[in-house]
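>>> Predicted model follows, preceded by the sequence.
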Amino acid sequence: MEFLEKCFKLKENKTTVRTEVYAGLTTFMTMAYILIVNPSLLSAAGMDSGAVLTATAIGSAIGTFCMAAFSNYPFALAPGMGLNAYFAFTVVLQMGYSWQMALAAVFVEGIIFIILSLINVREAIFNAIPKNMKSAVSVGIGLFIAFIGMQNAGIIVNEDATLVTLGNVKSVTVLLALVGLVITMVLVARKVKGALFFGIIITYIIGIICQLTGIYAVNPDAGMYSLLPSGIISTPPSISSTFMKMDFSKVLTGDFIIIMFSFLFVDLFDTLGTLIGVSTKAGYLDKDGKLPRIKGALLADAIGTTAGAVLGTSTVTTFVESASGVTEGGRTGLTSAIVGVLFLVALIFSPVIMAIPSFATAPALIVVGLFMIEQVVNIDFKDYTEGFPAFMTIIMMVVAYSISTGLIFGTISYVLLKLFTGKSKDLNPVIVVIALLFVIKLALG
């Protein structure tokens with residue numbers, strides 16, 4: 001205990017080992033799906049799914065351990081959703097490049113990120129984002145997380161005419177998710193320590209009971225897999241087919257540079273958005289809206305990306321699901337360290353980890369959305385030059401399904417409104433440059 005106190009300053013951060021462990025377990029439970037989804041997506045690009053699974057777990061652990069060591073923040077990292085799809089379906093399948101070349105682009109992006117982090121460029125961008133927009137990012141991410149949770153549970157589904165619609169509430173998985181949501185909220189309302197974690201476990205156990213009694217019918221074609229682990233321990237798949245397989249032969253070509261900057265751009269603003277949102281919820285930002293020890297957090301993210309490319313996975317970035325651990329009370333790097341350990345443990349106990357379904361973790365994500373939306377009261381909506389950019393940040397994150405897109409529209413509208421309403425004195429040069437880069441990004445597609 002004394003060692004942990006010395007490393008993570010638990011008393012100073014008003015937390016305990018027990019709280020941090022619960023927070024770490026909850027964060028891992030809500031993001032463990034990446035161990036299934038990432039190999040599935042990257043295998044479409046011709047990569048060995050077993051090797052990608054191992055690369056995903058180890059790359060996530062390395063990035064998360066770095067976050068604990070360099071910043072002492074409870075943020076976890078893993079290959080980012082969206083970036084992995086861009087890697088597989090756009091760069092490889094659509095543009096026709098090899099996955100080895102795509103890994104090289106991710107590696108170069110990671111090296112550039114390390115340099116930008118060391119010379120404080122990423123920190124300057126973080127600090128340039130206005131306070132109202134920082135609160136808006138937290139709200140937007142909260143709604144975004146809740147939306148993801150509802151999709152994962154099947155509460156909200158795709159629909160051609162309206163894009164999204166209510167799912168089949170008679171479906172057993174949707175009903176289990178809704179029951180889990182009620183259970184989780186009751187635990188939260190009663191201020192039970194580890195409410196989100198216990199909500200996940202209780203919902204999972206109810207699901208197992210439903211399977212054993214025939215209420216939940218296993219049907220892989222319908223996405224309803226057995227909730228009972230196929231075993232306890234498994235041997236981690238070999239990483240040899242993806243380790244150090246980067247192809248730098250096209251590094252000086254225009255297409256390579258465009259692909260690399262696409263990874264760079266999305267990763268940069270997804271990470272900044274996540275750090276802003278989760279840090280706001282945790283109360284880490286100082287009176288000027290700055291995040292202490294941000295350099296360490298950004299450096300951990302950059303190292304995670306670089307290590308992931310070497311191992312054989314797409315861009316590793318700070319995960320928005322880290323908010324679930326913060327909501328559980330996680331305040332230090334011990335939460336991150338627990339998540340990192342669990343990623344490594346998952347390689348051995350993957351049958352157990354992989355058996356936990358999305359309907360069990362979805363309630364935690366939805367409740368996290370509730371907690372993060374609380375920041376909406378800190379946004380000044382009376383001043384439309386502040387309120388509208390905040391609104392655009394929030395709404396675009398959800399409807400465009402992208403944290404970085406929310407920042408793009410929020411920042412551009414902020415700069416334009418300040419310029420055309422005679423409030424240019426509120427602008428700093430960094431935010432103006434960022435807005436110009438966003439405009440160029442939108443113009444180029």
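Sure thing, it's come through. Predicted model only: the values in this text are computed from it and were never measured.

>>> Skipping adjacent residues, who's closest to T313 in space?
A55 (4.2 Å; Cβ to Cβ, 6 or more residues apart in numbering). C-beta coordinates here come from the backbone N, C-alpha and C atoms, glycine included.

>>> how much space between I148 and F28?
16 Å (Cβ to Cβ, to the nearest Å).

>>> If you could redo that for E321, that was the one I meant.
9 Å.

>>> now do F3
22 Å.

>>> quick one, which of the two is more surrounded?
Using other Cβ atoms under 10 Å as the criterion, F3 and F28 rank with F28 on top: 28 against 7.

>>> quick one: which helix or strand includes the more buried one?
Following DSSP states H and E, one finds F28 within helix 17-31.

>>> Name the surrounding residues that touch that helix.
For helix 17-31, the surrounding residues in contact (Cβ atoms under 8 Å, 6 or more residues apart in numbering) are 1, 4, 8, 10, 74, 76, 78, 193-194, 196-197, 200, 319, 321-322, 324-332, 334-339, 341-343, 356, 361, 364-365, 368.

>>> Likewise for stretch 51-62?
Outside stretch 51-62, the residues touching it (Cβ under 8 Å, 6+ apart) are 34-35, 38-39, 42-43, 76-79, 236-243, 303-304, 307-308, 311-313, 316, 340-341, 343-344, 346-347, 350.

>>> Apply 6 Å and report the result again.
35, 38-39, 42, 77-79, 236-237, 239, 241-242, 307-308, 311-313, 316, 340, 343-344, 346-347 (Cβ atoms under 6 Å, 6 or more residues apart in numbering).

>>> Please apply the same query to stretch 366-375.
Contacts of stretch 366-375 (Cβ under 6 Å, 6+ apart): 135, 138-139, 142-143, 145-146, 149, 181, 184, 280-281, 323-324, 327.

>>> one more time with 8 Å, if that's ok
30, 135-136, 138-139, 141-147, 149-150, 181, 184-185, 188, 196, 199, 277, 280-281, 321, 323-324, 327.

>>> Model confidence for the closest residue in space to T26 that isn't next to it in sequence, exactly?
Nearest residue to T26 in three dimensions, chain neighbours excluded: F197, at 4.3 Å (Cβ to Cβ, 6+ apart). Per-residue confidence at F197 stands at 85 (pLDDT).

>>> Is there a neighbour count for F197? I'd like the number.
Neighbours around F197, by other Cβ under 10 Å: 26.

>>> likewise the one 5 residues further on?
In terms of burial, I202 registers 17 neighbours under the definition other Cβ under 10 Å.

>>> which stretch of helix or strand covers it?
Counting by DSSP H and E, I202 is found in helix 195-212.

>>> How about exporting the helix or strand bottoming out on mean pLDDT in the chain as PDB, limited to the C-alpha atoms?
Least confident helix or strand of the chain, by mean pLDDT, DSSP states H and E, is helix 350-355 with a mean of 79. What follows is helix 350-355, C-alpha atoms only, in PDB (Å, rounded to 0.1, in the frame of the first residue of the first chain):
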ATOM      1  CA  SER A 350      -9.800 -14.300 -23.100                       C
ATOM      2  CA  PRO A 351     -12.600 -16.900 -23.100                       C
ATOM      3  CA  VAL A 352     -14.000 -15.400 -19.900                       C
ATOM      4  CA  ILE A 353     -13.400 -11.800 -20.900                       C
ATOM      5  CA  MET A 354     -14.900 -12.300 -24.400                       C
ATOM      6  CA  ALA A 355     -18.100 -13.900 -23.000                       C
END
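
>>> what sits up against it?
32, 35-36, 53, 225-234, 236, 345-346.

>>> now the angle from the helix or strand following that helix to helix 195-212?
Sequence order places helix 358-372 as the next helix or strand after helix 350-355, per DSSP H and E. If you take axes from the mean of the first three to the mean of the last three Cα atoms, to 10 degrees, helix 358-372 sits at 160 degrees to helix 195-212.

>>> for the stretch 51-200 of the chain, which spans come out with low pLDDT?
Across the stretch 51-200 of the chain, not a single residue meets the criterion (pLDDT under 70).

>>> mind listing the strands for the stretch 101-250 of the chain?
156-159, 163-166 (DSSP state E, counting those that start in this stretch).

>>> Pick the most buried one from those.
Greatest average neighbour count among the strands of the stretch 101-250 of the chain goes to strand 156-159 (a mean of 14), per mean count of other Cβ atoms under 10 Å.

>>> anything in contact with each of E321 and F28?
What both E321 and F28 touch, as defined by Cβ under 8 Å, 6+ apart, is the set A76.

>>> ok so, going back, the residue nearest to T26 contacts G330, doesn't it?
No. With contacts counted by Cβ atoms under 8 Å, F197 stays clear of G330, the gap being 10.9 Å.

>>> How about the contacts made by M185?
V367.

>>> now it: how far from A61?
For M185 relative to A61 (Cβ to Cβ), the value is 32 Å.
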